[in-house]
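> with the input below, show me the fold.
(one chain, ligands or ions: 2)
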Amino acid sequence: MGARELGLPERVGPVTGMPRQVTIWEVGPRDGLQNEATTVPVEVKLEFLDRLAAAGLTTLEATSFVHPKWVPQLADAEELLERLRRVAGVRYPVLVPNERGLDRALAAGVRHIAVFGSATQSFAERNLNRGFDEQFAMFEPVVSRARSEGVDVRGYLSMCFGDPWEGVVDPAQVVRAGRNLLDLGCTQLSLGDTIGVATPAGVERLVTAFTSAGIDVAGLAVHFHDTYGQALANTCAALRLGVSTVDSSAGGLGGCPYAESATGNLATEDLVWMLDGLGIDHGVDLDALVATSTWLAGRLGRPSPSRVVRALGG
Ligand code: HMG
Ligand code: MG
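Ligands and ions are numbered 1, 2, ... in the order given. Now for the predicted structure:
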C-alpha cells in the first residue's frame, strides 16, 4: 500500500510559534517555464495553470511582461492571458519590470503584478540592464501607476543571501533594498535566494534584520531555489520566525536565465508534504499536484527533481 493510503505523513503539529496557515505562491508557470531550454507550447501552459488551480493553489504566477528577447520562453504572455480560464478565488500575478511591461499587463487585464529588484549591483545590471539605484527609478512609476489603478504590487528581491559575482551579501544592504521597494508602495516583499546558497542560520539572520528594522513579518515572503538542497530547511527556519507566504514551483521546476547556477525552486510537493506533517493548512490536494507534475515532466521529457513527486509519482 502507498504512503498516502496509509495516512502519511502523520500530522504531528501544529507547532508552537509556527503559522497555522501558509499561502503558497506558486511560481512554476513563470520561474519554472522561463528557464526551460525549449519553449513550452501555450496549450501546455494553459493546461498546467488549469491543473494547478484544480489542485487548490490560489496564487499562480502566470508569466512575465519582460522583453521577449530577454526571456523568449514567456514571449506568449499576451496570448496566454487572452486564453486563460480564470478561476474564481485564484489570483494570477505576472512579472513586470518597467512601464512598457505595465502597459502590456494592464491591456491584458492583469490585477496583480510583481516588480523584481536585486539586492546587488551586479545582478541588477545583468537581469535588468540597470544599476542598483537605477532599478528603483525604473520601478517607481510602475508601482505608483499600478497602485493608482488598484493593482496589487509584490516586490521581489534577488540575491538576498549570496551573489555569483559578489559573494556574500550584507543583510543591511538587503534590508536597504527591501525598504526601497516597500517605500515605493509594494505590499509584499519576497526574499529571493536566487542561486540557492542560503542556510537556515542565514535565513534567521536576514528575517530578523528585517523585523528589527521595523518591517512586519506579515509582509515578507520567502523564495528559495534548491541548488544545494537547503530550500526546505530554509523554509522551516522562516516559518519558525512567523513567515506565512512561501514561494515554490510544482515539481521543482525553475531557475533564472540571468543567474549562473540557479536551479529549480523549492518543489511545491516537498513543501506540501512538510506543511502536512507540521499541521499547517495550505489548501492543496497533494495527489492532484503530483499527478500534474508527473504529467508536465512527460511533456518536458525529463523527470521532476522533486523528491515527493518521485516518491509518489510512480
Ligand atoms: P533594456 O534593453 O534596457 O530596455 O532592457 P530599454 O528600456 O532600453 O528598451 C529597449 C527596447 O525594448 C525598447 O524598444 C522598448 O520598448 C523594449 P525599441 O524602442 O528599441 O523598439 N522594451 C520592452 N518590450 C516589451 N516588454 C517590455 C519591454 N521593456 C522594454 N517590458 C528590461 C530592460 C528590463 C526590459 C530587460 O532587462 C528585461 O526584460 N529583463 C527581464 C529579465 C528577466 O525576466 N529575468 C528573469 C526574471 S527575475 C527572476 O527570475 C528572479 C526571481 O525569481 C526571484 C529570485 O529567484 O531571486 C523573481
Ligand atoms: Mg526565482
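> disregarding residues adjacent in the polypeptide, which is nearest to residue 108?
In space, and not counting its chain neighbours, residue 108 is closest to residue 81: 4.1 Å by C-beta to C-beta, 6 or more residues apart in numbering. Yep, even glycine has a C-beta here, placed from its N, CA and C like the rest.
> three-state assignment of the one you found?
Classification of residue 81 using DSSP: H, G, I helix; E, B strand; the rest coil returns helix.
> next, the contact list for it, please.
Counting by C-beta atoms under 8 Å, 6 or more residues apart in numbering, residue 81 touches 62-63, 92, 94, 108-110.
> again, only this time at 7 Å
62, 108-110 (C-beta atoms under 7 Å, 6 or more residues apart in numbering).
> what's the closest non-adjacent residue to residue 186?
residue 155 (3.4 Å).
> and the pLDDT for residue 36?
Listed pLDDT for residue 36 reads 86.
> next one: residue 301
At residue 301, pLDDT is 88.
> residues of the protein that sit close to ligand 1?
Residues of the chain found near ligand 1 (C-beta under 6 Å from any ligand atom) are 31, 34, 64-67, 70-71, 95, 97-98, 100-101, 104, 116, 127-129, 156, 158, 192, 194, 223, 225, 256-258.
> of those, keep whichever come out buried.
Buried members of those, counted by 16 or more other C-beta atoms under 10 Å: 31, 34, 64-66, 70-71, 95, 97-98, 101, 104, 116, 127-128, 156, 158, 192, 194, 223, 225, 256, 258.
> show me those residues that map onto strands.
Secondary structure from DSSP state E places 64, 95, 116, 156, 158, 192, 223 of those in strands.
> low pLDDT regions in the chain?
255-262, 314 (pLDDT under 70).
> of the residues of the chain next to ligand 1, which belong to helices?
Among those, DSSP state H puts 100-101, 104, 127-128 in helices.
> help me confirm that residue 161 comes into contact with residue 201.
No: Residue 161 lies out of contact with residue 201 (C-beta atoms under 7 Å); the separation is 10.7 Å.
> which one of these two is surrounded by more residues?
Neighbours of residue 161 and residue 201, each counted by other C-beta atoms under 10 Å, are more numerous for residue 161; the result is 25 against 10.
> right, and ligand 1 sits closest to which residue of the stretch 51-200 of the chain?
Nearest residue of the stretch 51-200 of the chain to ligand 1: residue 192, at 2.5 Å (C-beta to the nearest ligand atom).
> list the contacts of the longest helix along the chain.
In the chain, taking DSSP H as the definition, the longest helix is helix 132-148. Helix 132-148 is contacted from outside by 96-99, 102, 113, 115, 117-118, 121, 124, 128, 130, 153, 180, 184-186, using C-beta under 7 Å, 6+ apart.
> among those residues, which ones are buried?
96-98, 102, 113, 115, 117-118, 121, 124, 128, 130, 153, 180, 184-186.
> among the ones in helices among the residues of the chain next to ligand 1, which pair sits farthest apart?
104 and 127 (18.5 Å; C-beta to C-beta).
> my guess is residue 18 meets residue 241, correct?
No: with contact defined as C-beta under 7 Å, residue 18 does not reach residue 241; the gap is 9.3 Å.
> so how far is stretch 45-53 off the chain centroid?
From the chain centre to the centre of stretch 45-53 is a distance of 16 Å (C-alpha atoms, centre = their mean, to the nearest Å).
> hmm, who's touching it?
Under the criterion C-beta under 7 Å, 6+ apart, residues 26, 29, 33, 60, 62, 80, 83-85, 87, 90, 250, 292, 296 lie in contact with stretch 45-53.
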